[in-house]
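Trainee: Next input, structure requested:
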Amino acid sequence: MKLCILAVGHKPPAWAAAGCAEYIGRMPRELPLSVVEIKPEPRGAKRRDQLLAAEKTRLQTALHGFRRVVALDERGADLTTLQLARRLENWMREGGDTAFIIGGADGIDDAIKARADAMLRLSSLTLPHAMARLVLCEQLYRANSVIRNHPYHREG
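Mentor: Predicted coordinates:
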């Protein structure tokens, strides 16, 4: 099974890219993780719905071949790391590649959210997009370490 973070946005700062690369490199061969940047729509004089529609088209193209779609949204499920690990374990059992979507500055189009198999929220706090990528990479690595009984995650 492959995991992929589809992130609408520009190239992140070096610290965020380096952090993501660190956790991507720690993932096992049988559960590779990647981050794919989706070009945001130039703002100009466009309305929010026009921006989201253009980004929706790009996301739909990038989602081709993924069995499972997980949208990150402030109204999504607020999971603990152990709950995320259980979900990841179930997805691994079911098979199929999984895409996690981090929307652009204006969020994620409703059609993409409707297509999603799950909606998760990383935090009640508002996170910069680069930070959200890094937190998600780390949490996916941590969830995998829980599944494998690796000592990276310490509970209690």
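
Trainee: Which stretches in this protein count as strands?
Mentor: 3-8, 33-38, 68-77, 98-102, 118-120 (DSSP state E).

Trainee: Now the second one: average pLDDT?
Mentor: What it means is strand 33-38. Averaging pLDDT along strand 33-38 gives 97.

Trainee: any idea how far the residue positioned nearest the centre of the chain lies from Lys46?
Mentor: Using Cα atoms, centre = their mean, the residue of the chain that lies closest to the mean C-alpha position is Phe100, 3.2 Å off. Per Cβ to Cβ, to the nearest Å, Phe100 is found 26 Å from Lys46. (Glycine included, C-beta is placed from N, CA and C.)

Trainee: Helices of the chain, start to end?
Mentor: Using DSSP state H, the helices found in the chain span residues 14-26, 48-62, 81-94, 110-115, 129-147.

Trainee: counting contacts, what elements does the last one pack onto?
Mentor: It refers to helix 129-147. The contact analysis (3 or more Cβ pairs under 8 Å, 6 or more residues apart in numbering; DSSP states H and E) places helix 129-147 against strand 3-8, helix 14-26, strand 33-38, helix 81-94, strand 98-102.
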